[in-house]
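Engineer: quick one: sequence plus predicted model below, questions after.
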Amino acid sequence: MEVEKPVESRCFDLQTELDRTEGANTEVLKAKSIAPIPDPDEWLEKSLERNILLTTVDTLVDWARRSALWTVICFPACCAFEFIATAGPRFDISRFGMEIIRASPRQADLMITAGTLTWKMAPQVRRIYDQMAEPKWVIAMGACGCSGGIFASSYSVVPGYNRIVPVDVYVPGCPPRPEALLYGVRMLQNKIAREHVDIKLPFPLTGTKKEG
Amino acid sequence: MTVSLSGTEVAKQIASQFPEAIAESSNQAVVVKTEYLLKVAEFLKNSPDFDFNYLNDMTAADYYDYFEVVFQLSSLNLNHKLMLKTRCYERLKPAVPSVCCLWRGAELMEREIYDLMGITFTGHPNLKRIVLWEGFQGHPLRKDYL
Amino acid sequence: MSSYLNQMLLQHEASVRVPPDWPGGYWFHWLFFTVVIIAFVLTIVMGFIYFERRALGRIQSRLGPNRTGPFGLLQPVADAIKVLLKEDIIPDKADKLVHWLAPIVAFFPVMLIFAVIPFQNGAMLVDLDIGILYIMAVSSVSTIGIFMAGWSSGNKYSLLGAMRAVASVVSYEIPLVLSIIGVILLSGSLSMNQIVIAQNIPFILLQPLGFLLFFISGCAEINRSPFDMLEADSEIVAGFHTEYSGMKFAMFYLVEYAEALAMSAIIATLFLGGWRGPVLPPWLWFIIKIFVVFFLMIWTRSTLPRVRIDQLMALAWKGLFPLALINLFITGVEVLLWPAGLPWLAVLINIVIMVVLLLLWSRFFKLGWGRVEI
Amino acid sequence: MTIKTEPFVINFGPAHPSTHGVFRMRVVLDGEVVLDLEPVYGYLHRGIEKLAEQRTYTGIIPLTDRLDYLAAMSNNLAHCIAVEKLAGIKVPERAEYLRVILAELQRLCSHLIAVGAFLNDSGAFMTPILYMLREREKILDLFEMLSGQRLTYNDMRPGGVSQDAPEEFLPALHKFVDQMPRYLDEYDQLLAKNEILLARSKGVGILSKELAINSSASGPVLRASGVKWDIRKAEPYSIYDRFEFEIPTGTAGDCYDRYLVRMLEMRQSVRIIEQAMKQFPSGEYRSRVPKLIRPPVGEVYSRIEAPKGELAFYIVSDSSIAPYRYHIRGTSLINLTALRDMIVGWKVADLIVIFGSIDICMGEVDR
């Protein structure tokens, strides 16, 4: 029996430097993420300042933002299939205008973190989050996303996405049912509906200056 | 129905070829010495009586005194199977010859054992960490990893 | 020399036939139609987005957006507002100027196409004598914008997408033009308006093969599925606009649908009798026909897998190009036989010829099957 | 004139739309042609083998659910069979039939996703997978009747199943089994003979018979290469020797064969379920098993035919309540051994199709 020889010409070094760099990145991130990042509500106003929008049409903007939440692809594990089921015919997330799943994080608004996050994956998730354009939201889906779930005690699992990225809505369950995810999305929509843009002007509008 | 070959029977046949190769044999498994592993494996694969052309699985277990590398071999043509083992008594730098040259399926299994159990496979074409990142301290599946 | 130029300009003025009943003359006409075209494109593109998402939803046995506004009609509006208000990111490694310029370069030519599309008898920005030639000239310029986007983003996926776009557009230009020539032969004019007037029998019946070739190569030209190589979601993430966000991404999104609209409008004009039709007002007929053609595109998109880049080329050069030549030859013979205009008998003949040719080609020409074409 | 070109390295994954989770490939491209490829694993390594060493034999079942999360029932079955072999537990008749029905339903479920994802990767925009999700939901309803869960069932126990089938289960199953062949016909009508699909997948990514055996491929991947090897026939576990079914095999070992084998296997699964329903006995659904199982000292290697291939557990017991060593043969991981040989020389678009046709599940690749 003749067995085909494996393709010989290898373009990669077998002991790549790249692996070590990436491993080092992981270690750095692991050392940094000791405490959870607090809920974005606490510093949301500050982040919105970056978005220059001198207008009083909060209602319109919030309406638009909450009715067109495009999801980025970040589906590490089991919950992904509950997300896909949510996108499927029975639960049909497309009713909310969310069936557009952007592969490019630049064009997405919402990260539904479906599944267990490992330390090896953590830098990549952080990168996806950083690449997303403001305003952006995160739903931590599943027990693993909230706290690490049944894998929390493992040596390679991040106990909850909030160590890596700020999370807006937590949807528990292992995995959460599609109804639960839809409820989470509704919660997020309610949260967006409450948002308003405050612009700190460099000068007071009325001449009076309040003291104390 | 797959016949599970008796370890002692197989051990006799192996011993007729390589008299010193067998370390131990029971009904379930054959334990060969590490230095004879490649020869025995080649014999098992190529001899028409055994024809073990398929490596089902390969794993390792930590027994404090030694590491045991376990091969599950089977023959798709003759439909029988065998559990082959080898023991590695070195704890600091355990090394076992790689069987990649015989069964390519061993490639990823050996990498996994190297990563999680810390056993080096000499002769493996691309032995590096597979599931954990470079720079991870220790080998998690060892019993002394906390 | 200058007198020659003057003469040319005068000729050009004469060729631009302003409808006599329009008040205010040329400038008012120009202003009016510019506004109309921009409004038309923007609204129909929104309609397209809504229509595509709903139609895709129905085809995929789900509902599609229905929560935003009545029947979800405001969904594209919400999308538009949201996308426009998103942060605009320019990557560090991008070629800033080109990155900024690309959406504009891609967007402009698409709008230019609509200058010669008749919405009604004579209702168009300019009734150019060489209308269809002008469209062919202008339509492929937006590829440059796409290539600029892919090149300047500094992203390898973008570059791959842009390369694919250029390759496909360059090779599909030829069957596209060749399949139009049949129409030109039948109508005897290059002017879009005259082509519509000449269609006593819609040209889809007289030119069934031409229609098919034009539809396929048109889909490839504007990169609709199954030829959506340049932003193949499952392969190269988002293709050339991977690094675009906010307003610029909205421009590309607009270009994608405006191109589809332009192609639908051209097909409706050339093959489906444009604004002609009984009972309903002509402009409504025109829009209905546009949506019918666009529905065909949605249908193919939701059903067919994507072809590979080399198979795409092979299809153009081995499949469509010879067929277009044969089609051209047959049409020429028919025009020679019946110089006064083709009778209904020609419809039957052409459909039979098309079926025979397609069967022959599907017999002898197969894509792929383990071969790499180039 | 020659144009100077140089290859460039591109990263597919770990968050890429069609790497089925978090798989990553470093690919060297010359234009569109793949020159070399290096898979990077481990983005979903959760340490299940280590966690299992700290849990009881029943407590491991939830962990096995999350291995190949598309086929949780099969994983449960494999684990339970291994523990039963180790501890010598007998399983009542009714439980065996229930297990077979569940395992075959799970195979349908997993293959639906596999085929749908493959077609989606080849570019049919979402439509096939959404149609297949529609039928998958019907299977999930049946599972929900039994276990109350949709994805991670935690339903089987050493010595039977956790709870008996409710009264409505059999009629519902009957209805589903009647419908399923019609749906399978519908999928065939949709794309099976489509010219573009044939062009994309026929002769692409060929895995030869010798290489398939040598690289320990299993399941549909092995069978598509023309090896008639199915553990349900070769080493019948549970009660598979009582049913009549065929092993569909391919000839060429290309992507289309892998797709076709899965489609045909689904029909065989329906056939098995039909037979099992006819013979379905009454009686106990679980034998009496102590809460904390303490198997005698020993080891067992027990394998079943999971949807993705040979799923096996190697358990070493030291007669305590937790296993001493718990090893999982990750089918998906081992099927990927020959990935490089299949892909090198093809184009980027083929890379995705070939990868999709292997059908992996990241939970099982990295464990």
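Structural biologist: That came through fine.

Engineer: pLDDT at residue 11, what is it?
Structural biologist: Using chain A here. On pLDDT, residue A:11 comes in at 55.

Engineer: could you do chain C instead?
Structural biologist: For residue C:11, pLDDT reads 54.

Engineer: over to residue B:78?
Structural biologist: 85.

Engineer: torsion angles phi and psi at it?
Structural biologist: Dihedral angles phi and psi of residue B:78 (degrees, to the nearest 10) take the values phi -90, psi -10.

Engineer: OK, contacts around it?
Structural biologist: Going by CB atoms under 8 Å, 6 or more residues apart in numbering or on different chains, residue B:78 touches B:50, B:51. The way it works is simple: take the backbone N, C-alpha and C, and place the C-beta from them, glycine included.

Engineer: how close does the residue of the stretch 51-200 of chain C found nearest chain D get to chain A?
Structural biologist: Per CB to the nearest CB, residue C:60 is where the stretch 51-200 of chain C lies closest to chain D, at 4.3 Å. Distance of residue C:60 to chain A, computed by CB to the nearest CB, to the nearest Å: 7 Å.

Engineer: how much space between that residue and chain B?
Structural biologist: Residue C:60 is 36 Å from chain B, by CB to the nearest CB.

Engineer: ok, now residue C:229?
Structural biologist: 33 Å.

Engineer: my read: that residue touches residue C:165, true?
Structural biologist: Yes: contact criterion CB atoms under 8 Å: residue C:229 and residue C:165 qualify, at 7.1 Å.

Engineer: please name every helix or strand in contact with the helix or strand hosting residue A:29.
Structural biologist: Using DSSP states H and E, residue A:29 sits in helix A:17-32. Secondary-structure packing of helix A:17-32 (3 or more CB pairs under 8 Å, 6 or more residues apart in numbering or on different chains; DSSP states H and E): helix A:122-131.

Engineer: can you give me the angle the helix it packs on makes with helix A:17-32?
Structural biologist: Angle, helix A:122-131 to helix A:17-32, by axes from the mean of the first three to the mean of the last three CA atoms, to 10 degrees: 80 degrees.

Engineer: what's helix A:122-131 in contact with?
Structural biologist: Contacts of helix A:122-131 (CB under 8 Å, 6+ apart): A:22, A:25-26, A:29-30, A:33, A:72, A:74, A:76, A:105-106, A:111, A:113, A:117, A:136, A:138, A:158, A:161, A:163-165, C:89, D:14-15, D:22, D:43.

Engineer: neighbouring strands of the very next helix or strand once past that helix in the sheet, and parallel or not?
Structural biologist: Going down the chain from helix A:122-131, the next helix or strand is strand A:137-141, by DSSP H and E. Using DSSP bridges, the strands paired with strand A:137-141 are strand A:110-114 (parallel), strand A:169-171 (parallel).

Engineer: give me the number of residues near residue A:166?
Structural biologist: 20 (other CB atoms under 10 Å in any protein chain shown).

Engineer: give the contact list for it.
Structural biologist: Taking CB under 8 Å, 6+ apart as the test, what residue A:166 contacts is A:37, A:38, A:39, A:40, A:138.

Engineer: gap between it and chain B?
Structural biologist: Distance from residue A:166 to chain B, by CB to the nearest CB: 24 Å.

Engineer: widest-spaced pair of the contacts of residue A:166?
Structural biologist: Maximum pairwise distance among those (CB to CB): 13.0 Å, between A:38 and A:138.

Engineer: what about the two, which has more around it?
Structural biologist: Using other CB under 10 Å as the criterion, residue A:38 and residue A:138 rank with residue A:138 on top: 26 against 11.

Engineer: quick one: residues contacting that one.
Structural biologist: So residue A:138 contacts A:110, A:111, A:113, A:129, A:161, A:165, A:166, A:167, A:168, A:169 (CB under 8 Å, 6+ apart).

Engineer: what is the first one paired to in the beta sheet?
Structural biologist: Yep, that's residue A:110 we're talking about. Beta-bridge partners of residue A:110, as defined by DSSP bridges: residue A:71, residue A:137.

Engineer: hmm, it is touching residue A:137, no?
Structural biologist: Yes: Residue A:110 is within contact range of residue A:137, at 5.1 Å (criterion: CB under 8 Å).

Engineer: shared neighbours of the two, anything?
Structural biologist: A:69, A:188.

Engineer: one step back: which one of residue C:229 and residue C:165 has more residues nearby?
Structural biologist: In this view residue C:229 and residue C:165 are compared by other CB under 10 Å, and residue C:229 has more residues nearby, 27 against 24.
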